[in-house]
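[1] Need a 3D model of the following:
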Amino acid sequence: MTLPVTSEHVISCAIVVPQPPLLVPALVPGAVERTAAVRDATVAAARELAEVSPRWLAVGVGTRRDTIDPDTRGSFRGFGVDVPVSLSSAPTEAVPRELPLAALVAGWLREQAGADSVRVELVAEHTDVADCVALGEQLAESKERVLLVLGDGSTRHDTAPPGWPDDRAEGFDTHVRTALADADCEALLALDPAFAAELQAQGRAAWQVLAGLGRVGAGWRGEVLYSDAPFGVAYHVARWAGS
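    Sure thing, here's the model as predicted:
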């Protein structure tokens, strides 16, 4: 499935990616090969998005509702290595500032893909479904024509550390995988916030913002490009294209 030329009025293509720090090779010097599969899938999807438009809108999860403009610089210093990132090719901020992981990964992917800029909209992890939908509907009319959605699935798969796995994690992420493959907005909106929190599925709110946006358009087609839980955490890479 190829991503479409975008509409002049609404976002009509989206990429869903995970946001683990292990995407950045410098942060996992001893595990670059073991983490290559999810990294390669994520970067390839981001490059597809850049081919459609060099100006991105991103949705990720943070501690509160916030907007981070493209003139911003940051660094992965808080994750162990000072890897600088910027949210545009010509940021105006002279000094990097602390950024949430979603914004750091969005900036890093922008650089890997060669896109010009990314504006990041953060939604709080425990935002209720109705508010996620309302934000998605609002963002559908954004000046940016493409969407990057960042978030991980459950951290409690059977490959997680001893004492942490939850038998329900597989069913939860199977539901997410199927919903993304089918571009099924209602299935994403059926995810229960409390249940997602129990399973430490941090991406739930961002996926439901996507679903709210998806309700605005019609004829969405989905495709899953990667879905696995190699380190106990589910990572999904998918693309949605609207008609």
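[2] From now on I want contacts and neighbour counts done on CA atoms only, so please keep to that.
    OK.
[3] got the buried residues for stretch 148-160?
    148-158, 160 (16 or more other CA atoms under 10 Å).
[4] Please flag which of these sit within strands.
    148-150 (DSSP state E).
[5] about what we covered before: among the buried residues of stretch 148-160, which two are most distant?
    Farthest pair in the buried residues of stretch 148-160 (CA to CA) is Leu148 and Asp158. Separation: 28.3 Å.
[6] now the helices: where do they sit in the chain?
    For the chain, the helices defined by DSSP state H cover 36-52, 101-113, 129-139, 169-182, 185-189, 193-198, 204-216.
[7] quick one: contacts for Val61?
    Counting by CA atoms under 8 Å, 6 or more residues apart in numbering, Val61 touches 102, 122-125, 150-151, 202-203, 205-206.
[8] what sits opposite the residue nearest the centre of the chain in the beta ladder?
    By CA atoms, centre = their mean, the chain has its centre lying nearest to Leu150, at 1.2 Å. Beta-bridge pairing of Leu150 under DSSP bridges involves Val17.
[9] any idea how far it is from Asp167?
    24 Å (CA to CA, to the nearest Å).
[10] try Pro91
    45 Å.
[11] Those two: which is more packed in?
    Neighbour tally, Pro91 and Asp167, criterion other CA atoms under 10 Å: the higher count belongs to Pro91, 14 against 11.
[12] you'd agree the residue nearest to the centre of the chain is up against Gly62?
    No. Applying CA atoms under 8 Å, one finds Leu150 not in contact with Gly62, separated by 10.7 Å.
[13] Can you report how many residues neighbour Ala94?
    When neighbours are defined as other CA under 10 Å, Ala94 has 9 of them.
[14] Provide a list of residues in contact with it.
    Arg73.
[15] do Glu125 as well
    Contacts of Glu125 (CA under 8 Å, 6+ apart): 61-64, 202-205.
[16] Make a PyMOL selection of the buried ones in the contacts of Val61.
    Per 16+ other CA under 10 Å, the buried members of the contacts of Val61 correspond to this PyMOL selection:
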select buried, resi 102+122+123+124+125+150+151+202+203+205+206
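[17] Let me have the contacts of Val61 in JSON lines, adding distance to Gly74 and pLDDT as columns.
    Converted to JSON lines, these look like this (distance: CA to CA, whole Å; pLDDT from 0 to 100):
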{"residue": "Ala102", "distance to Gly74": "11", "pLDDT": "98"}
{"residue": "Leu122", "distance to Gly74": "16", "pLDDT": "98"}
{"residue": "Val123", "distance to Gly74": "19", "pLDDT": "98"}
{"residue": "Ala124", "distance to Gly74": "20", "pLDDT": "96"}
{"residue": "Glu125", "distance to Gly74": "21", "pLDDT": "94"}
{"residue": "Leu150", "distance to Gly74": "17", "pLDDT": "98"}
{"residue": "Gly151", "distance to Gly74": "19", "pLDDT": "98"}
{"residue": "Gln202", "distance to Gly74": "22", "pLDDT": "96"}
{"residue": "Gly203", "distance to Gly74": "22", "pLDDT": "98"}
{"residue": "Ala205", "distance to Gly74": "23", "pLDDT": "98"}
{"residue": "Ala206", "distance to Gly74": "21", "pLDDT": "98"}
